[in-house]
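*Asks:* Here is a sequence with its predicted model. Questions after.
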Amino acid sequence: MEKITSLAKRRGFVFQSSEIYGGQGGAWDYGPLGIELKNRIEGTWWKEMTQLHDDIVGLDSAILMHPRTWEASGHVENFTDPLVDCKKCKARFREDLIPAENLAARKCPECGGEMTDTRKFNLMFKTHIGAAEDSASIIYLRPETAQGIYVNYKNIIQSNRMKIPFGIAQVGKAFRNEIVTKNFIFRTCEFEQLEMQFFVKPGSDEEWFNEWRKRRWAYYEKMGVKMDHLRWHQHGPDELAHYAKDAYDIQYLFPMGWRELEGVHNRTDFDLNRHTQYSGKDMQYIDQDGGNERYIPYIIETSAGLTRTLLMVLCDAYDEEKVADKGNDDDWRTVLRFHPSLAPITVAVLPLMKKDGLAELAKDIRQDLKEDFATDYDQGGAIGRRYRRQDEAGTPFCVTVDYQTKEDGTVTLRFRDSMEQVRIPKEELAARLRQEIKAYKREC
Ligand code: GAP
């Protein structure tokens, strides 16, 4: 993980938040390459969930919601972690992460000091809205985007004439006051979620649950990640969230071990029943095609972390490859083998020399490609070094402009993964890149 963290900072993927003040734990900033990567992951997910499904629509609901929302959802009461402090060194732990022998002896795993009793700690960030700081002005930063979907589900049925089964997708920030925020951007206090809630008729929920498990697995296959680094984990009774009847996590083999990437949950009619109860509004669906039958739909949820997916994509793409045998640092290259549709830069244009009109020619080629691809231009240093810089940024294609380009209009197209080079007319570049992106299969 250290190598990934350091590459992420060096190349402008992720920076520590407020670094000049010593850093803010649990929060991270996404640099020029990071925001491009994040946008592409989000775009891929959004396309998968909305454009490719006739029965799913999108939503962007507010982060600040009526505080009753979180009473209804059960988060005020149940969204807690068990917290333990060391009386001696003041270290703070989540009880479930303390080794069993330390817990039994109530001894701090760090200094051996005596530990406090376990107490419940609510993970929701609480603040006040308006000028008065009293209990009437309490408001929460949402800990999941899902509730914004539930409170809008009737609006969407009415405005968009949706019929069950149908889904609502949303991407957005969520906030949790996590006790432990280690492993880079894996678990943070401010993060983004990719959530989709699928509303189904009670009784068909188990079938839809299995269907969404299949679809989400297929999505990662399509994304081109290492499938032997993914596995399912079914929640045992002690792991199930207060709203869930059944839940499976898709786990990824991160450098620190197997960890949750996404959850697929059967949330039953829990949330809509509770909103009916707390708001007094009727949340029943009226099935106009089924004799006006009324029921509270069951909900199948797919919930992934966007920032956590970005970490997964970085870990999955990271590779070190021996490319020469000269006995120095240049023998190795660091390469991020992103799928070309996720790579922050799709194509870099490099003039062999700055002089003799090659730079101008290269800039013109870049200009032509800009409309359709994320491009970069680099004229600094030896060409080999420039290729390495692009490899490290995960750029799948480099176009080199040389003296022959001036003569016959051809350029060199270099492939990141194989480092192979082909010579093609510059007019064919855009079509060739589109074809390569579509046909891409990771082979190493
Ligand atoms: N709406 C259901 C829900 O929020 P969750 O399992 O608590 O379920 C879903 O969270 C996903 O959100 C997780 O699989 C993970 O990818 C991401 N996530 C949760 N907490 C996170 C945190 N503190 N930092 C980064 N990502 C987090």
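*Replies:* Cool, the structure landed. Numbering: from 1, shown residues only.

*Asks:* Quick check: residues of this protein near the ligand?
*Replies:* Residues of the chain found near the ligand (CB under 6 Å from any ligand atom) are 144, 146, 176, 178, 187-188, 191, 193, 195, 260-263, 301, 303-305, 307-308. Every C-beta, even on glycine, is put in place using the N, C-alpha and C of the backbone.

*Asks:* give me the residue from the stretch 201-350 of the chain nearest the ligand.
*Replies:* Closest to the ligand within the stretch 201-350 of the chain is Gly305: 2.7 Å, counting by CB to the nearest ligand atom.

*Asks:* Which positions are bridged to that residue in the beta structure?
*Replies:* Beta-bridge partners recorded for Gly305 (DSSP bridges): Gln193.

*Asks:* Find the centremost residue of the protein, please.
*Replies:* Taking CA atoms, centre = their mean, the centroid of the chain lies closest to Leu306, which sits 1.9 Å from it.

*Asks:* what's near enough to touch Ser341?
*Replies:* Applying CB atoms under 8 Å, 6 or more residues apart in numbering to Ser341 gives the contacts Arg40, Thr44, Ile437, Tyr440.

*Asks:* The first one contacts Ile345, doesn't it?
*Replies:* No. The pair Arg40 and Ile345 fails to qualify as a contact (CB atoms under 8 Å) at a distance of 10.8 Å.

*Asks:* re earlier: please convert the contacts of Ser341 to a markdown table, extending it with pLDDT.
*Replies:* Output for those, formatted as a markdown table (pLDDT from 0 to 100):
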| residue | pLDDT |
| --- | --- |
| Arg40 | 98 |
| Thr44 | 97 |
| Ile437 | 96 |
| Tyr440 | 95 |
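
*Asks:* out of these, which are buried?
*Replies:* The neighbour-count test (16 or more other CB atoms under 10 Å) marks Arg40, Thr44, Ile437, Tyr440 as buried among the contacts of Ser341.

*Asks:* Skipping its backbone neighbours, what lies nearest the last one in space?
*Replies:* Distances taken as CB to CB, 6 or more residues apart in numbering place Pro340 nearest to Tyr440, at 5.2 Å, with adjacent residues excluded.

*Asks:* Could you do the third one as well?
*Replies:* Leaving aside its chain neighbours, Ile437 sits nearest to Pro340 (4.5 Å; criterion: CB to CB, 6+ apart).

*Asks:* Can you say which helix or strand has Tyr248 in it?
*Replies:* Here Tyr248 sits within strand 246-254, counting by DSSP states H and E.

*Asks:* Mind listing what's buried along the helix or strand that that strand is followed by?
*Replies:* Using DSSP H and E, the helix or strand that follows strand 246-254 in sequence is strand 257-268. Residues of strand 257-268 classed as buried by neighbour count (16+ other CB under 10 Å): Arg259, Glu260, Leu261, Glu262, Gly263, Val264, His265, Asn266, Arg267, Thr268.

*Asks:* residues touching the residue nearest to Gly26 when sequence neighbours are not counted, list them.
*Replies:* Nearest residue to Gly26, sequence neighbours excluded (CB to CB, 6+ apart): Cys189, at 3.3 Å. By CB under 8 Å, 6+ apart, the residues touching Cys189 are Gly25, Gly26, Ala27, Phe125, Phe175, Arg176, Asn177, Glu178, Thr181.

*Asks:* just Arg389 next, same as before
*Replies:* Contacts of Arg389 by CB under 8 Å, 6+ apart are Asp378.

*Asks:* repeat that with 10 Å
*Replies:* Residues near Arg389 by CB atoms under 10 Å, 6 or more residues apart in numbering: Arg11, Ala348, Leu350, Asp376, Asp378, Gly380, Gly381, Thr395, Cys398.
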